[in-house]
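Novice: just the structure for this:
(2 chains)
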Amino acid sequence: MSRPEQHPPSTTGLNELVRAAAEGDQQAWDALVDRFAGLVWAIARAHRLSPADAADVSQTTWLRLVEHLGRIRDPERVGAWLAATARHECLRVIRHAGRFVADGDVDLDAVGTEPEPAALLLATERTAALWRAVEALPERCRMLIRVLMADPPPSYEDVAEAFDMPIGSIGPTRARCLEQLKRRPEIAGI
Amino acid sequence: MNAGDTHNEDFLAELRVAGLVVDPVPERVTFAAKASLAWRTIDAELAELTYDSALDPDRLTLVRGAAAARILTFSASDLTVDIEVEETGRDLRLIGELAPAQHAVVGVRHAEGTTEVETDEDGRFRIGPIPAGPIALSLRLAAGGMTVQTEWITL
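Specialist: The predicted model follows:
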């Protein structure tokens, strides 16, 4: 095999990490944070939370895992558990802030666009163009791509939980959204 | 894996680098996440969040746009805690009541530490100001010496 698998994060070791962390093993806990902090942050930012709200949602999500460490039924799926918890916390923050429409859906357009991140000014032209192209995607695609950009790369299972989507639809949606992204004028010719 | 998949993988890798440059996880967020293991409690019963007015569609249509107080309920096997949250900017005040009514020491865990109060004999308490952000309550019940901890929530 010449290339790694498409969504490579193996679950090897997650069971052990979760069990060790439940016993108070700080190194095991740190390893879990290093593995999934990017995913949790990306989910919060994909929901257009401000950096301050995204930090609060991240911290609440990690504290929830601390209190549930000994109760997680399937430690191999801790990434999916974190993704679902982060999504719920995002919706709670969004709805509490009144960014809510009557049909029960979150009105993400009403959240408003935040100013462009200052880091864009320091990024290369290509990097800045890619970022702006992602931001300009239709909402569902923008959110999905933002979460797929998490580092290290999330598994499809974790991404499915982040959006409450069937796991089988992640691959096709991803392909469709990437095609749209490649055609964005922001990155044409760069 | 076909050529299109390979191309998409390369494209996503490039996007991932853009994400790391433009919107990385702030160091303080990772630091706080790692420090949160210190909140691990071994012998406390967990009271789950069973009601949040922020997710109540009936309430939302009524109060949309108004500065209505947020109402939360946490439930453990033999204890219910109702909380009303008053917001003043980034400061919060919590007004709470235990059911069944009983005396307890209530600790609110928040970003800057723990703030403690005692309930009155009817199980009512008032606590604040505390900073907005992740919050959990720890309730040391006078009867039986048991401790109940609520789930964390972003307030």
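Novice: tell me which helix or strand comes right after the lowest-mean-pLDDT helix or strand in chain B.
Specialist: Ranked by mean pLDDT, DSSP states H and E, the weakest helix or strand in chain B is helix B:57-63, scoring a mean of 63. Moving toward the C-terminus from helix B:57-63, the next helix or strand (DSSP states H and E) is strand B:70-76.
Novice: average pLDDT for that following strand, rounded please.
Specialist: The pLDDT scores in strand B:70-76 average 95.
Novice: list the buried ones in that strand?
Specialist: Buried residues in strand B:70-76, counting neighbours by 16 or more other C-beta atoms under 10 Å in any protein chain shown, are found at B:70, B:72-76. Backbone N, C-alpha and C define where each C-beta goes, glycine included.
Novice: is any part of the next helix or strand along the chain from that strand close to chain A?
Specialist: Sequence-wise, the next helix or strand downstream of strand B:70-76 (DSSP H and E) is strand B:79-88. No: looking at strand B:79-88 against chain A by C-beta under 8 Å from any C-beta of the partner chain, there are no contacts, and the closest approach is 9.5 Å.
Novice: ok, strand B:79-88: who's next to it in the sheet?
Specialist: Its sheet considered, strand B:79-88 pairs with strand B:70-76 (antiparallel), strand B:91-99 (antiparallel) by DSSP bridges.
Novice: quick one: closest of the ones you listed to residue B:146.
Specialist: Checking these against residue B:146 by C-beta to C-beta gives strand B:70-76 as the closest, at 9.4 Å.
Novice: which strands and helices lie in contact with the helix or strand bottoming out on mean pLDDT in chain A?
Specialist: Across the helices and strands of chain A, mean confidence by mean pLDDT, DSSP H and E is lowest for helix A:119-122: a mean of 80. If contacts are counted by 3 or more C-beta pairs under 8 Å, 6 or more residues apart in numbering or on different chains; DSSP states H and E, helix A:119-122 sits against helix A:125-135, helix B:3-22.
Novice: go through these and name the closest to residue A:142.
Specialist: Of these, nearest to residue A:142 by C-beta to C-beta is helix A:125-135, at 6.1 Å.
Novice: just want the angle from the closest one to helix B:3-22.
Specialist: 100 degrees (axes from the mean of the first three to the mean of the last three C-alpha atoms, to 10 degrees).
Novice: mind checking how far helix A:125-135 is from the chain centre?
Specialist: Helix A:125-135 has its C-alpha centroid displaced from the chain centroid by 18 Å (C-alpha atoms, centre = their mean, to the nearest Å).
Novice: would you mark the buried spots in it?
Specialist: In helix A:125-135, counting by 16+ other C-beta under 10 Å, buried: A:127-135.
Novice: what is the next helix or strand after it packed up against?
Specialist: Next in sequence after helix A:125-135, counting helices and strands by DSSP H and E, comes helix A:139-148. Judged by 3+ C-beta pairs under 8 Å, 6+ apart, the packing partners of helix A:139-148 are helix A:26-46, helix A:125-135, helix A:156-163, helix A:170-182, helix B:3-22.
Novice: hey, C-alpha coordinates of helix A:139-148 in CSV?
Specialist: In CSV, the C-alpha atoms belonging to helix A:139-148 read as follows (Å, rounded to 0.1, in the frame of the first residue of the first chain):
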residue,chain,number,x,y,z
GLU,A,139,-23.3,26.5,5.2
ARG,A,140,-23.5,22.7,5.4
CYS,A,141,-20.3,22.3,3.3
ARG,A,142,-18.5,25.0,5.2
MET,A,143,-19.2,23.3,8.5
LEU,A,144,-18.3,19.8,7.2
ILE,A,145,-15.0,21.0,5.6
ARG,A,146,-14.1,23.0,8.7
VAL,A,147,-14.4,19.9,10.9
LEU,A,148,-12.5,17.8,8.4
